[in-house]
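J.: using only what follows, build the 3D model:
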Amino acid sequence: MREYATLSLETHLFFGRIMKEHSLFLLAGFPAKETGFVRRADQFREEFEEGLRRTVRLADGVVSKSVLNSGEVVTQFTEKAECQTKNLTGIPIDGKITEAEERLYAGNCGRVSRELVYQVKRLNQQMLRSLNGLISFKEEILREVAGCRLYTTNYPLLIEHILREAKLYRRLITELEQSGRITTPDLRNLELFWNQIMMEHAWFIRGLLDPTECELMETAGEFAEEYRCLLEEAREQDRRTMNALTARTLRTTRQYQQFKTAGTEGITGCGIRSVILPLLADHVLREANHYLRILEQAQKGRD
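T.: Just a heads-up that it's a prediction; the model follows:
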């Protein structure tokens, strides 16, 4: 059951934080009059924050070094980005979770206790309940926005974007609960999913930068176009001929990760004009780090 426990906790460390922040971004985007939507978004923020808190307690000495070192759990900017976002929005953020994540160490023991497996199963069930609720909430928001019955500062595409990520998270945890493991994903489908996510990040970054940030807007547009081309080529590729395209995707994602790192540093350092929350900048950087780890592991498996 070690694989079950380890993969569950690693998945929650990454996606649990992502869902917590999705809830925060939704909350920050509603006008004051939408008290019902504000209350529900805050409830989901609290639920995923508690789930992440439990995850961190269980993960110490269990999860892999590759995940902890990847920058997908926390980055060098996360603590500052959370503090700034809390001050800017007034939305509470438990910074002690980030401090605890920074202290996590990897484990290499061959077995895990029955008690840990039991606690992980309870955590998975809790996260699935919260995920089902959050997915329904996001779908409702999207319907209301599309019907011009709800205003939010979040793009409709961004709501679709975070909905897809939530559904991926749910699929992974459901698979772990059903079979005790995660099936190695087909690399072509994996690249199709994450290349679209990366492309949309570039669109969002370009659209949230101040119009005077011409150079950054242009660079974001170039990354969006590169990922659009990678998406088109991946759709046409046979699974057996993906190697060269994956290598190109890896190179692009390394460059994109550097761009996001510089952007997060600039936003948290108040050196870039934008309407991007500091935590959103760190959020998209962590997603790039996650994808980079997946691609690098896939490349090593081929070598």
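J.: tell me how many other residues surround residue 261.
T.: For residue 261, the count of nearby residues is 19 (other CB atoms under 10 Å). C-beta here means a position set from N, CA and C on the backbone, and glycine is covered the same way.
J.: what's the end-to-end length of stretch 91-99?
T.: One end of stretch 91-99 to the other measures 18 Å (CA to CA, to the nearest Å).
J.: neighbours of residue 161, how many?
T.: 20.
J.: which residues of the stretch 51-200 of the chain score low on pLDDT?
T.: 108-110, 185 (pLDDT under 70).
J.: ok, 80 please
T.: 108-111, 184-186 (pLDDT under 80).
J.: where along it do the helices fall?
T.: 65-68, 78-89, 95-102, 114-146, 156-179, 187-208 (DSSP state H, counting those that start in this stretch).
J.: and those helices as a markdown table, adding distance to residue 264?
T.: Listed next are the helices of the stretch 51-200 of the chain as a markdown table, based on distance: least, CB to CB, whole Å:
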| stretch | distance to residue 264 |
| --- | --- |
| helix 65-68 | 19 |
| helix 78-89 | 7 |
| helix 95-102 | 15 |
| helix 114-146 | 25 |
| helix 156-179 | 18 |
| helix 187-208 | 11 |
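J.: wait, which of those is closest to residue 1?
T.: Minimum separation from residue 1 across the helices of the stretch 51-200 of the chain (CB to CB) falls at helix 114-146, 4.7 Å.
J.: the closest one vs helix 156-179, what angle?
T.: For helix 114-146 against helix 156-179, the angle by axes from the mean of the first three to the mean of the last three CA atoms, to 10 degrees is 150 degrees.
J.: from the chain's centroid, how far away is helix 114-146?
T.: 15 Å (CA atoms, centre = their mean, to the nearest Å).
J.: other SSEs contacting it?
T.: Counting contacts by 3 or more CB pairs under 8 Å, 6 or more residues apart in numbering; DSSP states H and E, helix 114-146 is packed against helix 2-11, helix 17-29, helix 35-59, helix 156-179.
J.: looking at these, which is buried most?
T.: helix 17-29 (a mean of 24; mean count of other CB atoms under 10 Å).
J.: can you name every helix or strand that it contacts?
T.: Looks like helix 17-29 contacts helix 35-59, helix 78-89, helix 114-146, helix 156-179, helix 278-302 (3+ CB pairs under 8 Å, 6+ apart).
J.: try it again at 10 Å.
T.: helix 35-59, helix 78-89, helix 95-102, helix 114-146, helix 156-179, helix 278-302 (3 or more CB pairs under 10 Å, 6 or more residues apart in numbering; DSSP states H and E).
J.: for residue 246, which of those helices is the nearest?
T.: helix 278-302 (6.5 Å).
J.: okay, angle between that closest one and helix 17-29 too, please.
T.: Using the same axes, to 10 degrees: helix 278-302 against helix 17-29 is 150 degrees.
J.: averaged pLDDT, helix 278-302. What do you get?
T.: Averaging pLDDT along helix 278-302 gives 93.
J.: buried sites along that helix?
T.: Going by neighbour count (16 or more other CB atoms under 10 Å), the buried part of helix 278-302 is 278-295, 298.
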